[in-house]
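A.B. asks: Give me a 3D structure for the following:
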Amino acid sequence: MKDKQMEKLMKKVTGSARTEKDRQGRFVDPTLVATKRPEEEADTDRQFLFKEMKKREF
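C.D. replies: Coordinates of the predicted model:
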């Protein structure tokens, strides 16, 4: 390969490589996790009620 072809190939290969920053997931504020309410039975009852309401026509 000629030097120009090699440089072009290197740019192509290195440009498509993912960086460590790309691999990181979405940022979640730790205070949101700490203040999240625990799952209660009322929540499961509420979910059941809304599922039933979706099935029916009003």
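
A.B. asks: Where does pLDDT dip in this protein?
C.D. replies: 1, 16-24, 40-42, 58 (pLDDT under 70).

A.B. asks: any idea where the helices of it begin and end?
C.D. replies: With DSSP state H as the criterion, the chain has helices at 3-16, 20-23, 30-34, 41-55.

A.B. asks: and T35, how many neighbours?
C.D. replies: Using other CB atoms under 10 Å as the criterion, T35 is surrounded by 8 other residues. C-beta here means a position set from N, CA and C on the backbone, and glycine is covered the same way.

A.B. asks: Also the one 4 residues further on?
C.D. replies: Summarising burial for E39: neighbours were counted as other CB under 10 Å, giving 8.

A.B. asks: How much space separates it from E57?
C.D. replies: For E39, the distance to E57 equals 30 Å [CB to CB, to the nearest Å].

A.B. asks: can you check P38 too?
C.D. replies: Relative to E57, P38 is positioned 34 Å away (CB to CB).

A.B. asks: ok so, going back, tabulate the helices of the chain in a markdown table, adding columns for mean neighbour count.
C.D. replies: Formatted as a markdown table, the helices of the chain follow (neighbours: other CB atoms under 10 Å):
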| stretch | mean neighbour count |
| --- | --- |
| helix 3-16 | 9 |
| helix 20-23 | 6 |
| helix 30-34 | 8 |
| helix 41-55 | 9 |
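
A.B. asks: Please tell me how far K4 sits from R56.
C.D. replies: Remark: distance between K4 and R56 (CB to CB) = 70 Å.

A.B. asks: M10 too?
C.D. replies: The gap separating M10 from R56 is 63 Å, by CB to CB.
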